[in-house]
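This is a predicted model, with the sequence first.
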Amino acid sequence: MAREDSDQSGPRHVAIIMDGNGRWAQMRRRPRLFGHQAGARRVREIVEACPDFGVKYLTIFAFSTENWKRTQTEVAGLMSLFRRYIHKEMQAFKAENVQVRFIGDRVRLDAKLRALMDEAEEITADCTGTNLTIALNYGGRDEVARATKRLAQDVKAGRLDPEDVDEETLPKYLDTCVLPDPDLVIRTSGEARVSNFLLWQSAYAEYEFIDTLWPDFTREEFGRLVGSYGKRDRRFGAVKA
């Protein structure tokens, strides 16, 4: 879905690169997975805060295509955490009217985790409150490559005329095709890079790079960042008369 203009001053769609779990744990002399567990608990607080701040869509970066390079112990622990988290939270999200969806390449994920993802999407499909999108085994370049392959297959099959392909065409093949583009992207932990997250979709997003480690990120700080977004002058390449 293309960028949607809105009369509201705050962002409708906020995307978050949840960084700093490992450092948060190391500062407390605990294993990195201890930090990931704390970070998972923080997600619930931010999801619950979204309606209070007028945020309809929340997209969180849980695991990237590059995160497989981490130690086998950490990756296995994360996958176990994802399974427990989805199993535990899906009914709560249903009760809270939160619609859950996942983006990313599911092929490499284990069958049990994929089944839980499918189940969470199915039981929350009719929810009309906050839209929570979890990027799991996701990479922006990988997403564009997969989308381009599907587009090329449609061209080859005669379902799409190459002359009709423009910048409005590719988004229809992206994992996020049913979502508006993010208005605001937040990265925690003091790093100032986008790390291959929503590369196409964030072309006109505002960015906030903050020092707070993700497990310490509160609804109050979330509200402050959402509020400051409304003070920005967003022209989308145009010049005010």
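Ah, there it is.

This protein: helices as residue ranges?
Along the chain, counting by DSSP state H, helices occupy 21-27, 32-49, 72-95, 111-123, 140-156, 219-229.

okay, the ones you listed in CSV with mean neighbour count, mean pLDDT and distance to Val178 next?
From N, CA and C alone the C-beta is placed, and that goes for glycine too. Compiled in CSV, the helices of the chain are given as follows (neighbours: other Cβ atoms under 10 Å; pLDDT from 0 to 100; distance: least, Cβ to Cβ, whole Å):
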stretch, mean neighbour count, mean pLDDT, distance to Val178
helix 21-27, 18, 97, 29
helix 32-49, 19, 96, 19
helix 72-95, 16, 96, 17
helix 111-123, 15, 98, 12
helix 140-156, 15, 97, 14
helix 219-229, 16, 96, 23
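
residues touching the residue nearest to Arg114 when sequence neighbours are not counted, list them.
Closest residue in space to Arg114, ignoring its immediate chain neighbours: Arg106 at 5.3 Å, by Cβ to Cβ, 6 or more residues apart in numbering. Contact partners of Arg106, counting by Cβ atoms under 8 Å, 6 or more residues apart in numbering, are 114, 117, 136-137.

quick one: which of those is nearest to Tyr204?
Nearest to Tyr204 among the contacts of Arg106: Leu136, at 25.1 Å, using Cβ to Cβ.

burial of that closest one, as a residue count?
24 (other Cβ atoms under 10 Å).

So it sits against Ala62, correct?
Yes - counting by Cβ atoms under 8 Å, Leu136 touches Ala62, with 5.1 Å between them.

sorry, back to before: quick one, which of the helices of the chain gets closest to Ala203.
helix 140-156 (11.3 Å).

re earlier: kindly reformat the helices of the chain as TSV containing distance to Leu170.
TSV is the format used below for the helices of the chain (distance: least, Cβ to Cβ, whole Å):
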stretch	distance to Leu170
helix 21-27	32
helix 32-49	29
helix 72-95	28
helix 111-123	23
helix 140-156	6
helix 219-229	26
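
Figure out which of these is closest to Val165.
Taking those one by one with Cβ to Cβ, helix 140-156 is closest: 7.1 Å.

State the pLDDT value of Arg232.
pLDDT, Arg232: 70.

Just give the number of residues close to it.
For Arg232, the count of nearby residues is 12 (other Cβ under 10 Å).

Ramachandran angles for Thr124?
phi -110, psi 10 (degrees, to the nearest 10).

Good, wrapping up.
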